Structure formats: structure tokens, C-alpha cells
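> for reference, the sequence and a predicted model appear below.
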Amino acid sequence: MSNCWVEIDLKAISNNFSFIKKIVSPSKVCAVIKADAYGHGAVPIAKALNADMFGVFSLDEGVILRNGGVDKPILILGPSMEEEVFDIVQYNLIPNVFTKEFLIALSKIPSKVKCHIKVDTGMGRIGISFDNAIEFIKEAVSYSNIDVEGIFSHLATSYLKDKSYALEQFRKFSYLIEQLKCIGIEIPIKHIANSAAILSLPEMNLSMVRPGILLYGLMPSDDMEKVPVKPAMSFKTRLVSVRRFPKGSGISYGKTYVTKKDSIIGVIPVGYTHGLRRNLSNKGYVLVGGKRVKIVGTLCMDMTMIDLSDILDISIGDEVVIFGTQDNETISVDEIAKFCETINYEIITGINPKIPRVYI
């Protein structure tokens, strides 16, 4: 058995999906499982969900799903290159299109191919510009082999309290759809709502929504009102060393922690190479025996020291929870993100993919 592992609660993810499906009905759901399902494991998560479509970042991520036996529609949300067109078609993936070069490459495929048009309504990332969208879409639908199945955009600020910019993006997107209708172009699948919009801007659900972080039981931001979803990921390890140190002992690199009294210091075989953030040094916590214990000293590449002085009956091999629940105590991903001055997305996607995922 590995000395560290990530537990994934598939029932929690299934229940989270059911909650989302219920509140957005009758809209379809494109479950976003890019970045290996935010670190949860894309193939097992896809097989656990009865989603209408799955969203991935790239061709490579789509191929992994197909090779893993996933046969639902798969939308590539990120940019694709012209040389990837053949493989996209071969693996029956749906590209998003926003450049003339890729559109022309797609038009040369002899078979029928579906695509979604990505429009930049204010994210400032990828997508055909709003001002050029109508002419671009007119060209796309003119090719007999291209089936423009969907049109979408991405919201930049829907997770913030101030929704004015998100509403402005939606106004642009809605206007574009109406203008297309006026010239006889009706695109079946329209989608702009991410997790934050699903929770706070239901008018944006349209024909499909794209939940990401919410699927995994986490909120898009602290500004969002809590809803009944459950975090699905826990990060666990075991004690590999327990030693007594006298008062005045230096712990780890740089001697950044010195014991203030006779202390019991434990070592866990997890460090920044595993995805534990180095800025948790001397300020983060883990759970041992259902109690919080502090990380002491500088967090190392593959080991971290913890102060066990207040814990009774400890032994090498005992379970340590980095985030998750042990007995009645919980350390959340959001708590760790605050310690690290980052977001929950970065914590869960930053866990080394080589660490075994255990599905419960």
C-alpha cells in the first residue's frame, strides 16, 4: 500500500451532479472534467456520471476518455491546432472553433464533423471576437461538412458579488444569438453558465450548462452562498517517524522552527513534490487521531514534519489526513487555499497525478 493516497468519494460526486441537474432542469449538463477531472480522475468520474456531454481541455484529454471506454459526446474547451484535426475526427471529439485557420482545416475533412463556436464576450482569453462573430459563423455554416452544433462563451466574473460584468457578457451573447436568428442561423446548443452562474444567475442556463468545481463539492468563491454539495476528495498519508526532541532543537531546513519545549515530532512522507504547498511551512495543520496538529519547520520536497506533542497513543503507520475529515474534525481544501493565498482549484489540481486515487 502507498504511504500517501487520495480518496475520491464517487457517491458524493454523483449526488453533487444530481443536485446540479435538478436545479438547471431542463437544461443539458456538460460535466467539465478537464485537468483529469480537477485531479479526481477523468475516466472514473466520467463513468460515474450520466452527463449529456463532457468538457475537456485538449485532444489528449479527449483521447484518454475514449481509450477508457467513455462514449458520450466530448467537447474540447481549449484551443486545437490544425494538425490535430484528423485525430479529433478519428476519436469522435467535438472541437471548439474560433480561428480562420482551424476552420479551414476542419472544412477539408471529407466526413461530417460537429463543432462549437467559441465567442469572446469579455474574458479576454480565447474565442472569436464579439465584433467579428457573425461573419465568422456565417462562414462556418457555409461549409457542407461542418455541423455547427453549439455556440458558447466563458464568464470572467460570475463568482464575484458584483454581477454587472457577467450580465454585460450575457447581454452580448444573447444579442449575438438573436442577430444570428435574424439571418436564419439557429445553433441548437447554447451555453455560457459555469458553476458560479448556475448558482447565482439561472437566466444564463440556456440549453446547456458547464459545471466544473461544483461537481467536486467545492464552491467557486467565498462570495457564493453555500449549497448542499459535498467535497469528494480527501488527501491522506501515514506517519513514518515519531521521535522525541529536547527543547531548543532545530527542525528542518533553515532551522525555521525551534522546539520551545521537549517535543514529539512526527514525519509524513509528503512534500511539495506531492502537491503539498511549501508556504504551509510553520502555519498549516494536518489531522492525527482526530485532532489538529501543526506543521513545523520548512516543508521539504517529499517529507513534512508535524508536532505530535499533544497527541496520545501515536504509532508509526497511523493515518494522517492532510485535507478531509477524521473522526469529528475536518480540514477543508478551502482552508488550505486560504493559508496558501490561492484558490481551491489550484489545491486539488496541484496534487501529483502519480499519487494513487482510491475510489470509495
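Good, I have the coordinates.
> where does this structure have low pLDDT?
Applying pLDDT under 70 to the chain flags residues 1.
> would you put the C-alpha positions of the lengthiest helix in it in CSV?
When the chain is parsed with DSSP state H, its longest helix is helix 164-182. C-alpha atoms of helix 164-182 as CSV (Å, rounded to 0.1, in the frame of the first residue of the first chain):
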residue,chain,number,x,y,z
SER,A,164,-22.7,43.6,-13.6
TYR,A,165,-19.9,42.5,-15.9
ALA,A,166,-21.2,38.9,-16.1
LEU,A,167,-24.6,40.4,-17.1
GLU,A,168,-23.0,42.5,-19.7
GLN,A,169,-21.3,39.4,-21.2
PHE,A,170,-24.6,37.6,-21.2
ARG,A,171,-26.3,40.6,-22.9
LYS,A,172,-23.7,40.4,-25.7
PHE,A,173,-24.1,36.7,-26.0
SER,A,174,-27.9,36.9,-26.2
TYR,A,175,-27.7,39.7,-28.7
LEU,A,176,-25.4,37.7,-30.9
ILE,A,177,-27.8,34.7,-30.8
GLU,A,178,-30.7,37.0,-31.8
GLN,A,179,-28.8,38.5,-34.6
LEU,A,180,-27.9,35.1,-35.9
LYS,A,181,-31.6,34.1,-35.8
CYS,A,182,-32.5,37.2,-37.9
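> which secondary structure elements does it contact?
Helices and strands touching helix 164-182, by 3 or more Cβ pairs under 8 Å, 6 or more residues apart in numbering; DSSP states H and E, are helix 133-142, strand 146-152, strand 189-193. For glycine as for every other residue, the C-beta is placed from the backbone atoms N, C-alpha and C.
> helices or strands next to the last one in the packing?
In this structure, strand 189-193 makes packing contacts with strand 146-152, helix 164-182, strand 208-209, judged by 3+ Cβ pairs under 8 Å, 6+ apart.
> nearest to V286, out of the ones you listed?
strand 208-209 (35.9 Å; Cβ to Cβ).
> partner strands of the closest one and their direction?
When pairs are called by DSSP bridges, strand 208-209 turns out to pair with strand 28-32 (parallel), strand 189-193 (parallel).
> thank you kindly, that will do.
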